[in-house]
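*Asks:* Sharing a sequence plus its predicted fold:
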Amino acid sequence: MHSAATPGLTFRDATDADVDALVVLIESAYRGDASRAGWTTEADILEGQRTDPEGVLEVIKSRDSRLLTVERDGLVVACCQLEHRGDHAYFGMFAVSPTLQGEGLGKIVIAEAERQARAAWGISEMHMTVISVREDLIAWYERRGYRRTGQMSPFPYGDERFGIPQRADLQFELLVKKLG
């Protein structure tokens, strides 16, 4: 789907054929030295993987989820998970290519994700969880209309599928946005 507001971008649901490219994108946005090219890196708080092919494929195959994939000139440059959870949608697995961060692409993607979640499921609220020590990232979401709830959930210490924590104080905070 193209739109006048997003010239050169194509938004579509991921397919099995996208798994490898999506894993590379997500890993590059959050882990390792490559992630330091952007501002969303978690390299200082987590080592190891952010996701794997099985995790990405699980989202693609889930009946209640979509993995919105964003292409520019035929290359996957961003993605996000949308999951229908009754009266709200969950927003996750958000990644923008580190070399494109800071150009406004993330704002476009999150706005389109919100629009698609409202249109597809008629929901009025979007939820997400963010590692609570990621103050810069939380501030970015707040500028997009999300609010901190103070509701925390534990980080899955010991489950290396989510990374290897470099700090003992990691937890997730629920952020919520009412959609108009």
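*Replies:* Received the coordinates, thanks.

*Asks:* Whichever strand in the chain runs longest pairs with which strands?
*Replies:* Criterion DSSP state E: the longest strand present in the chain is strand 75-85. The pairing partners recorded for strand 75-85 under DSSP bridges are strand 65-72 (antiparallel), strand 88-96 (antiparallel).

*Asks:* how much space between the closest residue to S65 other than its chain neighbours and V59?
*Replies:* Leaving aside its sequence neighbours, S65 sits nearest to E83 (CB to CB, 6 or more residues apart in numbering; 4.4 Å). Glycine gets a C-beta too; all of them are placed from N, C-alpha and C. To V59, E83 is 8 Å away according to CB to CB, to the nearest Å.

*Asks:* Now the common contact residues for those two.
*Replies:* S65 (CB atoms under 8 Å, 6 or more residues apart in numbering).

*Asks:* which helices and strands sit right next to the lowest-mean-pLDDT helix or strand in the chain?
*Replies:* In the chain, the helix or strand scored least confidently by mean pLDDT, DSSP states H and E is strand 46-47, which has a mean of 88. Where contact means 3 or more CB pairs under 8 Å, 6 or more residues apart in numbering; DSSP states H and E, strand 46-47 is packed against strand 164-165.

*Asks:* Give me the sheet partners of the strand it packs on and which way each runs.
*Replies:* strand 46-47 (antiparallel).

*Asks:* Centre-most residue in this structure?
*Replies:* The chain has F94 as the residue nearest its centroid, 1.4 Å off, counting by CA atoms, centre = their mean.

*Asks:* Now that one: closest residue in space, sequence neighbours ignored.
*Replies:* C80 (4.3 Å).

*Asks:* next SSE after the lengthiest helix in the chain?
*Replies:* Longest helix of the chain, by residue count under DSSP state H: helix 105-121. Scanning forward in sequence from helix 105-121 by DSSP states H and E, the next helix or strand is strand 125-131.

*Asks:* Give the buried residues for stretch 121-135.
*Replies:* By neighbour count on 16 or more other CB atoms under 10 Å, the buried set for stretch 121-135 is 121, 123, 126-134.

*Asks:* just to revisit the earlier point, run the chain-centre distance for the longest strand of the chain.
*Replies:* 6 Å (CA atoms, centre = their mean, to the nearest Å).

*Asks:* Thanks again, I'm all set now.
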